[in-house]
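Trainee: Got a predicted structure plus its sequence, pasted below:
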Amino acid sequence: MHTQKKYRYPKSISVLGFLWNANSIRRNPIPFHQKYFKKLGDTFAVRVGIRRYILLTRDKDIAQHILQKGHKNYEKSKIQTTYLSKYLGNGLLTSKGDYWLRQRRLIQPAFHKQKIAQLLDSMLQTIAAEIKEMPLKQPLDIHTYMNRLAFKVVATSLFDVSISDSELLHLQAIIERVQDFLVKEVRLPHKNWWFKITGQVSKHLTLAQESRDIIQAIIEARKQSTKHHHDLLDMLLATRYEDTGEAMDMEQLIDEITILFVAGHETTANALSFALFLLAKHPEIQQRLYEEAKEITSKPLEPVQQIKEFVYTKAIIEESMRMYPPAWITDRECLEDDTIKDFHIRKGTFIGISFYELHRNPEYWKNPDQFNPERFLLKDQYPTNAYYPFGAGPRMCIGMGFAMYEMVLAVSQLILKYSFKTTQDEVQLNPLVTLKPTELLVTLTER
Ligand code: HEM
């Protein structure tokens, strides 16, 4: 432990040690995190100045303190706010303080369980159409297909978007290119001057503007339309601030819709891809899943009731997100000096919480590298406060209900139609804003 006058930090590595590893950290920081958690403990620090430290943790009590119990003293860092909003706008994910709270209060009702339940039919239709003609009997990079599926589900069920397939794919491609670039900017701050003079920054800002223009066109078309869609977009247009009675202006609408596209598709696509890969590796679990889906869909149940019964399917999704949490890391900065467990940290300290490592911390999880959905079947069997796929506290994911419905429907529809196999041994991770796989090759056979 490092004691500095009144401050006490966890064991640290120097910034030189960090820079020494800079290139491999840029490609994939997870092995670096793993190495130092093993060496220095569940929370370690990188010393970045005489009096400045960055902390990284996989400790459940610290995560809970920062996200829930002591959340008032923590806000999202510049990485998640200033840098992300430069390209993605100032929506729920990227705003903070009073502005964020006002937006969250305004938008939250649209994500109420009952509202999301009304979207189930449209979600199911989109999923069925997307999986109908997947290529068979050849290794497919399943992530490409799940990405498209998840983007389409957001577009059709939240925004009942009536733009062409090619425009939709274009929008998806832009959003993904912009995200990849901003990760580069964050991970290579010393190269930012180079990105500027080579025109890469302005190129990506233009792309971001292009996606805003497409979204604006969707909003304008909806405003002209006399039809009621009962989707999120109708709600966003109709909703009014409590204090002023006014609606969001066009810029705010574009910001929020962009963020919902960004936050809502890639995370779900990653979760589905990892789940399908894990199923392909575990035929016995796949068989049990198939039997559950067959039994439930043979009963004449309302869609919401049906989803409640998919208990084993949910356990599979939860276990996949434990091993491969799509939102694999988050960060906060403390607003005032704080004491957390044995540490006393200075105001302004940056703390990363690695959900990936928390979910595999051997202190809390038995055989953490083993895919075992059973642990989620009995509520008291797993440590709930060491499991945060959707975050926790006031900034917890607004789309959790939507995502769970979507994933249960997608996995059950897929398993009813196909069986999955893979010959790939290892998962190569590509941790950007979200935890993506580089490639997951799965072969589908029709049942
Ligand atoms: C498997 C799918 C998903 C995962 C794993 C996931 C995970 C997360 C996590 C961990 C956070 C909190 C980040 C933090 O505290 O720093 C978050 C926030 C958020 N998510 Fe999700 N998410 C998923 C799907 C969705 C969907 C489908 C939507 C919308 C359609 C969505 C919209 C958002 C928004 C707007 C926020 C910011 C909330 C706020 O700060 O008020 N997410 N998500």
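Mentor: That came in fine, so what should we check first? Numbers count the residues shown, from 1 in each chain.

Trainee: now the helix or strand hosting V183, how far from the centre of its chain.
Mentor: Assigned by DSSP states H and E, V183 falls within helix 165-187. Helix 165-187 sits 15 Å away from the centroid of its parent chain (C-alpha atoms, centre = their mean, to the nearest Å).

Trainee: is that helix up against the ligand anywhere?
Mentor: No - Helix 165-187 is not in contact with the ligand by C-beta under 6 Å from any ligand atom; minimum separation 13.3 Å. In short, each C-beta sits where N, CA and C put it, glycine included.

Trainee: Show the average pLDDT along that helix.
Mentor: Averaged over helix 165-187, pLDDT sits at 82.

Trainee: buried sites along it?
Mentor: Judged by neighbour count using 16 or more other C-beta atoms under 10 Å, the buried positions of helix 165-187 are 168, 171-172, 174-179, 181-183, 185-186.

Trainee: again, but for stretch 384-399
Mentor: A386, Y387, Y388, P389, F390, G391, A392, G393, R395, C397, I398, G399.

Trainee: how deep is the residue of the stretch 101-250 of the chain found nearest the ligand tucked in, by neighbour count?
Mentor: Here the residue of the stretch 101-250 of the chain nearest the ligand is R104; by C-beta to the nearest ligand atom that distance is 4.8 Å. Per other C-beta atoms under 10 Å, the neighbour tally for R104 reads 14.

Trainee: Tell me where the stretch 51-200 of the chain has helices.
Mentor: 60-64, 84-88, 97-107, 113-117, 120-132, 142-153, 165-187, 192-197, 200-224 (DSSP state H, counting those that start in this stretch).

Trainee: which of those helices sits most buried?
Mentor: Of the helices of the stretch 51-200 of the chain, the one with the most neighbours on average (mean count of other C-beta atoms under 10 Å) is helix 142-153, at a mean of 23.

Trainee: wait, does that one contact the ligand?
Mentor: No - judged by C-beta under 6 Å from any ligand atom, helix 142-153 and the ligand are separated, with a smallest distance of 8.0 Å.

Trainee: Start and end of stretch 151-166, how far apart?
Mentor: One end of stretch 151-166 sits 13 Å from the other (C-alpha to C-alpha, to the nearest Å).

Trainee: do the same with stretch 89-105
Mentor: 19 Å.

Trainee: Name the residues that touch it?
Mentor: Stretch 89-105 is contacted by residues 75-76, 80-81, 84-85, 88, 107, 212, 241-242, 251-252, 254-260, 262-263, 394, 398 when judged by C-beta atoms under 8 Å, 6 or more residues apart in numbering.

Trainee: As CSV, could you dump the C-alpha coordinates of stretch 120-137?
Mentor: The C-alpha coordinates for stretch 120-137 follow below in CSV (Å, rounded to 0.1, in the frame of the first residue of the first chain):
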residue,chain,number,x,y,z
LEU,A,120,-42.5,-8.0,-28.3
ASP,A,121,-44.4,-8.8,-31.4
SER,A,122,-42.4,-6.5,-33.6
MET,A,123,-39.2,-7.8,-32.0
LEU,A,124,-40.1,-11.4,-32.7
GLN,A,125,-41.0,-10.6,-36.3
THR,A,126,-37.7,-8.9,-36.9
ILE,A,127,-35.7,-11.7,-35.3
ALA,A,128,-37.6,-14.4,-37.2
ALA,A,129,-36.9,-12.5,-40.5
GLU,A,130,-33.2,-12.1,-39.7
ILE,A,131,-32.5,-15.7,-38.8
LYS,A,132,-34.7,-17.2,-41.5
GLU,A,133,-32.0,-17.4,-44.1
MET,A,134,-28.7,-17.8,-42.3
PRO,A,135,-26.2,-19.8,-44.3
LEU,A,136,-26.0,-23.5,-43.3
LYS,A,137,-23.3,-26.1,-43.0
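
Trainee: count of neighbours near Y74?
Mentor: Neighbourhood size, Y74 [other C-beta under 10 Å]: 21.

Trainee: ok, back up a step: could you dump the buried residues of stretch 384-399 to a markdown table with secondary structure, distance to the ligand and pLDDT?
Mentor: Formatted as a markdown table, the buried residues of stretch 384-399 follow (DSSP: H, G, I helix; E, B strand; the rest coil; distance: C-beta to the nearest ligand atom, whole Å; pLDDT from 0 to 100):
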| residue | secondary structure | distance to the ligand | pLDDT |
| --- | --- | --- | --- |
| A386 | helix | 14 | 96 |
| Y387 | coil | 11 | 97 |
| Y388 | coil | 7 | 97 |
| P389 | coil | 5 | 98 |
| F390 | coil | 5 | 98 |
| G391 | coil | 3 | 97 |
| A392 | coil | 7 | 97 |
| G393 | helix | 7 | 96 |
| R395 | helix | 4 | 97 |
| C397 | coil | 3 | 97 |
| I398 | coil | 5 | 96 |
| G399 | coil | 2 | 96 |
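
Trainee: What is the nearest of the residues you listed to D141?
Mentor: Distance to D141, by C-beta to C-beta, is smallest for P389 among the buried residues of stretch 384-399, at 23.2 Å.

Trainee: The closest residue to that closest one other than its chain neighbours sits in which helix or strand?
Mentor: Distances taken as C-beta to C-beta, 6 or more residues apart in numbering put M321 closest to P389, at 4.0 Å, once the chain neighbours are dropped. If you go by DSSP H and E, M321 is part of helix 311-323.

Trainee: name the helices or strands packed onto that helix?
Mentor: If you count contacts as 3 or more C-beta pairs under 8 Å, 6 or more residues apart in numbering; DSSP states H and E, helix 311-323 packs onto helix 250-281, helix 283-297, helix 400-417.

Trainee: Tell me which of those helices approaches the ligand most closely.
Mentor: The ligand lies closest, by C-beta to the nearest ligand atom, to one member of the helices and strands packed on helix 311-323: helix 250-281, at 2.9 Å.

Trainee: ok, and does the closest one reach over to the ligand?
Mentor: Yes - Helix 250-281 reaches the ligand (C-beta under 6 Å from any ligand atom) through I259, L260, A263, G264, T267, T268, A271.

Trainee: most surrounded residue in those residues?
Mentor: Neighbour-wise, these (other C-beta under 10 Å) top out at A271, 29 neighbours.

Trainee: coming back round to it: quick one: the residue nearest to P389 and Y388 touch, right?
Mentor: No - assessed by C-beta atoms under 8 Å, M321 is found out of contact with Y388, at 9.7 Å.

Trainee: Just the C-alphas of stretch 278-294, formatted as CSV.
Mentor: Provided in CSV are the C-alpha atoms of stretch 278-294 (Å, rounded to 0.1, in the frame of the first residue of the first chain):
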residue,chain,number,x,y,z
LEU,A,278,-20.5,-21.2,-25.8
LEU,A,279,-23.6,-23.2,-26.8
ALA,A,280,-21.7,-24.6,-29.8
LYS,A,281,-18.9,-25.7,-27.4
HIS,A,282,-21.4,-27.4,-25.0
PRO,A,283,-23.8,-29.7,-26.9
GLU,A,284,-25.4,-31.1,-23.7
ILE,A,285,-26.3,-27.6,-22.6
GLN,A,286,-27.6,-26.8,-26.1
GLN,A,287,-29.8,-29.9,-26.0
ARG,A,288,-31.4,-28.9,-22.7
LEU,A,289,-32.0,-25.4,-24.0
TYR,A,290,-33.7,-26.9,-27.1
GLU,A,291,-36.0,-29.0,-25.0
GLU,A,292,-37.0,-25.9,-22.9
ALA,A,293,-37.7,-23.9,-26.0
LYS,A,294,-39.8,-26.7,-27.6
